[in-house]
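A.B. asks: Provided below are the primary sequence and the corresponding predicted coordinates.
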Amino acid sequence: MRSICIAGKNEIAIDGLQCIIDNHADLEVFFIPNKNDNGIDGWQPSFKKYALSKGVKQVSLDDVYDIENLIFLSLEYDRIIKPERFKSENIFNIHFSRLPKYKGMYTSALPLLNGEQVSGVTLHKIDSGIDTGEIIGQKEIHIDCKDTARDLYFKYLSNSKLLLKNHIEVLLSGDFLSFPQSSYGASYYSKSSIDYSRISIDFNKCAFEIANQFRAFTFREYQMPSFGAWQIIGTEILADKSTSRPGVVLSEDDAGFVVSTIDYDIRLKKDYYPALWGASESGDIATLQSALAFIDDVDSRNNKGWSALILAAYHGKTDIADILLDAGASLSVCGYNGTTPLMYAFSHYELHGDDRSFHMLISRGADVSAGDNAGKSLKDYMVERNCLDLIQYV
């Protein structure tokens with residue numbers, strides 16, 4: 001029997017494994033999760049959790065080295081693969097860049113820092129180098145001038161899924177062509193190329209370069225760039241030529257700062273989302289209303305996957321939840337595990353005996369039948385926990 005092992009993390013590894021499970025019952029399937037995969041869904045779903053839920057056997061690299069008919073597929077795997085240790089030659093990787101450019105690390109940040117307009121995803125053989133193997137297929141990705149590192153990462157994910165879907169059958173059959181990477185235009189960046197513990201913005205640059213720095217370091221789940229006491233959520237290059245030395249604050253208002261650069265003044269937009277989320281949790285109506293004036297997406301989630309409405313529901317802040325709904329918040333926005341605001345309002349009732357947020361959300365049209373990622377509805381949890389006081393409403 002032929003065997004396949006998928007090693008990696010996040011949506012791309014899950015999508016690859018699902019494709020194999022759904023279409024190739026003839027294959028013996030293994031998986032290797034990344035070291036930091038604890039089996040719990042976060043801002044990305046857990047590959048380990050998904051694979052185990054499908055009954056796929058977890059193995060280690062040592063377990064698969066001696067399998068002769070193995071197909072090994074690395075999808076955001078966190079270890080360097082040594083092909084000489086495998087008996088099989090069918091060892092592949094999807095790399096988040098348009099090789100031969102941006103071998104190595106930080107492919108969501110570095111193209112933005114360098115002002116690239118195009119990137120891509122590459123399916124390639126794994127050889128003894130770092131992302132140097134022969135190319136099997138690629139998809140080109142357009143980088144918008146407003147894309148952040150987070151935006152680019154999700155473009156990588158969606159395009160990698162398509163790339164894998166288009167090539168999985170030829171990988172399994174061995175009926176594919178590959179070609180060596182060109183030396184022309186190649187680049188490599190090591191782990192030391194960016195020190196994320198000491199991010200600082202260099203203002204002795206043109207406005208375009210400064211804007212690129214801010215968007216390259218904008219990835220809410222990991223870090224946000226800052227200026228003074230404020231996180232910065234975006235920038236705007238102004239038409240005014242800078243006459244002050246680079247880095248001078250020309251003005252500040254509630255919306256942000258205007259700062260001089262080498263060429264054009266640049267506006268730095270203050271990030272009001274932390275204030276929005278904090279006010280939704282604490283019940284601070286004044287701060288909430290102030291923050292709402294400066295945000296674009298009231299359903300945006302914090303680094304734990306909680307929107308403002310979820311925070312208000314879980315903490316029983318009924319007045320806050322009402323204001324958020326009037327401001328356009330969605331009753332169907334979910335946390336990372338698919339939990340709805342109504343489910344969080346029920347959790348608040350369980351903890352505190354306060355059902356006001358629960359009833360308010362129902363009165364505003366919350367879907368009582370919605371299920372979470374585990375396929376359980378609110379009614380299921382009420383029965384499971386023997387908390388039936390509110391079951392008549394669902």
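C.D. replies: Done, it's in.
A.B. asks: tell me the contacts of residue 203?
C.D. replies: 210, 246, 247, 259, 261 (Cβ atoms under 8 Å, 6 or more residues apart in numbering). (Each C-beta comes from the backbone N, C-alpha and C, glycine too.)
A.B. asks: buried stuff in stretch 21-40?
C.D. replies: Across stretch 21-40, burial judged by 16 or more other Cβ atoms under 10 Å covers 21, 27, 29, 30, 31, 32, 33, 34, 37.
A.B. asks: could those be laid out in a markdown table, adding secondary structure?
C.D. replies: Below are the buried residues of stretch 21-40 laid out as a markdown table (DSSP: H, G, I helix; E, B strand; the rest coil):
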| residue | secondary structure |
| --- | --- |
| 21 | helix |
| 27 | coil |
| 29 | strand |
| 30 | strand |
| 31 | strand |
| 32 | strand |
| 33 | strand |
| 34 | coil |
| 37 | coil |
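A.B. asks: what is the nearest of the residues you listed to residue 205?
C.D. replies: Distance to residue 205, by Cβ to Cβ, is smallest for residue 34 among the buried residues of stretch 21-40, at 35.2 Å.
A.B. asks: the longest helix seen in the chain packs against which elements?
C.D. replies: Longest helix in the chain by number of residues, with DSSP state H as the criterion: helix 149-173. Other helices and strands packing on helix 149-173, by 3 or more Cβ pairs under 8 Å, 6 or more residues apart in numbering; DSSP states H and E, are helix 10-23, strand 70-75, strand 90-95, helix 110-113, strand 118-125, strand 135-142.
A.B. asks: rerun at 7 Å
C.D. replies: helix 10-23, strand 90-95, helix 110-113, strand 118-125, strand 135-142 (3 or more Cβ pairs under 7 Å, 6 or more residues apart in numbering; DSSP states H and E).
A.B. asks: closest to residue 291 out of the ones you listed?
C.D. replies: Closest among those, using Cβ to Cβ: helix 110-113, at 26.9 Å.
A.B. asks: report all helices and strands that the closest one contacts.
C.D. replies: helix 149-173, helix 207-216.
A.B. asks: mind listing the strands for the stretch 151-300 of the chain?
C.D. replies: Using DSSP state E, counting those that start in this stretch, the strands of the stretch 151-300 of the chain run over residues 188-189, 226-227, 230-241, 249-252, 256-259, 264-270.
A.B. asks: select, out of these, the one closest to residue 96.
C.D. replies: Closest approach to residue 96 among those (Cβ to Cβ): strand 188-189, 12.3 Å.
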